[in-house]
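Trainee: Let's see this in three dimensions:
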Amino acid sequence: MSNPSEYVPPKVWTWGQPNGGHFASTNRPVSGPTHDKPLPVGRHPLQLYSLATPNGVKVTVMLEELLAMGHKGAEYDAWPIRIGEGDQFGSGFVALNPNSKIPALLDRSGPKPIRVFESGSILLYLAEKFGAFLPTEPAARAECLSWLFWQMGSAPYLGGGFGHFYVYAPTKIQYAIDRFAMEVKRQLDVLDKQLAANEYVAGSEYTIADIAIWPWYGVLAQGRIYDAGEFLSVQDYKHVQRWAAAIAARPPVQRGRMVNRLNGDPASQLHERHDASDFDTRTQDKLANGR
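Mentor: Below you'll find the model as predicted:
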């Protein structure tokens with residue numbers, strides 16, 4: 001790996017010099033909208049604005065799981081937010097999430113619309129709204145929420161840390177890759193030890209902890225993110241492998257992974273989701289072939 005020339009930070013950092021990298025066009029040090037763009041609104045009470053990144057997949061899996069349980073109030077419209085094109089900086093989206101990150105949810109089922117942003121917050125909101133995937137017994141609830149917030153605190157090391165420097169940074173920096181690879185492997189070890197004694201992350205029940213953790217660490221264990229499975233020796237985490245395969249086999253998880261997906265196999269992409277039948281009639285392969 002190449003070693004970059006030593007960087008000496010200035011006394012005061014200023015923005016202006018292009019930093020390169022995959023996300024250079026969307027990164028900026030200020031918040032707020034860059035353009036006027038209202039959000040589309042569908043017919044269901046729940047309006048989701050997202051993308052099929054790991055954080056976005058958490059919410060679509062949760063909604064599909066709720067629908068599979070028979071919660072008809074969990075019907076939703078899912079609209080893609082194309083972050084590479086700056087949709088997250090449109091005025092409508094910023095009004096929904098001032099932090100300009102996907103996913104964001106608008107619940108219009110009550111007398112006043114309720115906005116919810118941050119994927120963990122959305123999972124907790126939906127779990128409490130529908131009384132599902134969150135234990136009510138105090139100790140079990142605390143365990144579930146501890147693992148939910150473990151994921152929220154750990155994933156930036158995997159995504160913004162390891163993933164950024166291993167895949168997206170314009171130069172390969174050994175120190176950065178080694179630093180974050182070590183932390184990701186430590187996290188996988190934490191998860192593997194927990195799953196050695198439990199069927200699911202928080203115990204014997206499938207909960208929002210699993211729904212939050214799987215799109216990051218389960219998909220990583222299956223070698224389907226960052227193309228880093230061999231590099232991180234993910235096959236060594238046997239209990240994570242068992243758990244990841246079990247979650248991946250769930251039909252609602254398979255549907256949830258398709259929603260707002262804009263790349264990959266056209267048969268796995270459902271750019272917008274407005275009805276359960278969309279999975280059978282509106283995946284991109286079917287639209288392309290006029291079916």
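
Trainee: CA only for contacts and neighbour counts going forward, please
Mentor: OK.

Trainee: check contacts around residue 284.
Mentor: Residue 284 sits next to 266-271 when contact means C-alpha atoms under 8 Å, 6 or more residues apart in numbering.

Trainee: Filter the residues you listed down to the buried ones, PyMOL style.
Mentor: Selecting only the buried entries of the contacts of residue 284 in PyMOL, with 16 or more other C-alpha atoms under 10 Å as the criterion:
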select buried, resi 266+268+269+270+271
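
Trainee: Adding pLDDT, secondary structure and distance to residue 139, write the contacts of residue 284 out as JSON lines.
Mentor: Converted to JSON lines, the contacts of residue 284 look like this (pLDDT from 0 to 100; DSSP: H, G, I helix; E, B strand; the rest coil; distance: C-alpha to C-alpha, whole Å):
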{"residue": "266", "pLDDT": "97", "secondary structure": "helix", "distance to residue 139": "43"}
{"residue": "267", "pLDDT": "96", "secondary structure": "helix", "distance to residue 139": "42"}
{"residue": "268", "pLDDT": "97", "secondary structure": "helix", "distance to residue 139": "38"}
{"residue": "269", "pLDDT": "98", "secondary structure": "coil", "distance to residue 139": "39"}
{"residue": "270", "pLDDT": "98", "secondary structure": "strand", "distance to residue 139": "38"}
{"residue": "271", "pLDDT": "98", "secondary structure": "coil", "distance to residue 139": "39"}
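
Trainee: Show me which of the contacts of residue 284 is closest to residue 231.
Mentor: Distances from the contacts of residue 284 to residue 231 were compared by C-alpha to C-alpha; the smallest belongs to residue 268, at 26.1 Å.

Trainee: Quick check: that closest one vs residue 8, distance?
Mentor: For residue 268, the distance to residue 8 (C-alpha to C-alpha, to the nearest Å) stands at 46 Å.

Trainee: Residue 123 too?
Mentor: Looking at residue 123 against residue 8, where the rule is C-alpha to C-alpha, the gap reads 42 Å.

Trainee: more neighbours, those two?
Mentor: Relative neighbour count places residue 123 above the other of residue 123 and residue 8, with 27 against 6, counting by other C-alpha atoms under 10 Å.

Trainee: Let's verify that one: helix, strand, or coil?
Mentor: Following DSSP: H, G, I helix; E, B strand; the rest coil, the label given to residue 123 is helix.

Trainee: show me where pLDDT drops low in the chain?
Mentor: Applying pLDDT under 70 to the chain flags residues 1-4, 17-25, 291.

Trainee: for it, what spans make up the helices?
Mentor: For the chain, applying DSSP state H gives helices covering 54-68, 91-96, 119-130, 138-156, 174-196, 208-213, 219-221, 229-232, 238-248, 251-258, 278-281, 284-288.

Trainee: can you tell me which residues contact the residue positioned nearest the centre of the chain?
Mentor: In the chain, the C-alpha nearest the mean C-alpha coordinate belongs to residue 55, at 1.2 Å (C-alpha atoms, centre = their mean). The contact partners of residue 55, by C-alpha under 8 Å, 6+ apart, come to 102-103, 119, 212, 215-216.

Trainee: What is the most widely separated pair among the contacts of residue 284?
Mentor: 267 and 271 (10.9 Å).

Trainee: Find residues that contact each of these two.
Mentor: Shared contacts of residue 267 and residue 271, defined by C-alpha under 8 Å, 6+ apart, are found at 283-284.

Trainee: among the helices of the chain, which is nearest residue 48?
Mentor: Within the helices of the chain, the stretch nearest residue 48 is helix 54-68; the backing value is 8.5 Å (C-alpha to C-alpha).

Trainee: how about the closest one: buried residues?
Mentor: Neighbour-count burial for helix 54-68, with 16+ other C-alpha under 10 Å as criterion, is recorded at 54-67.
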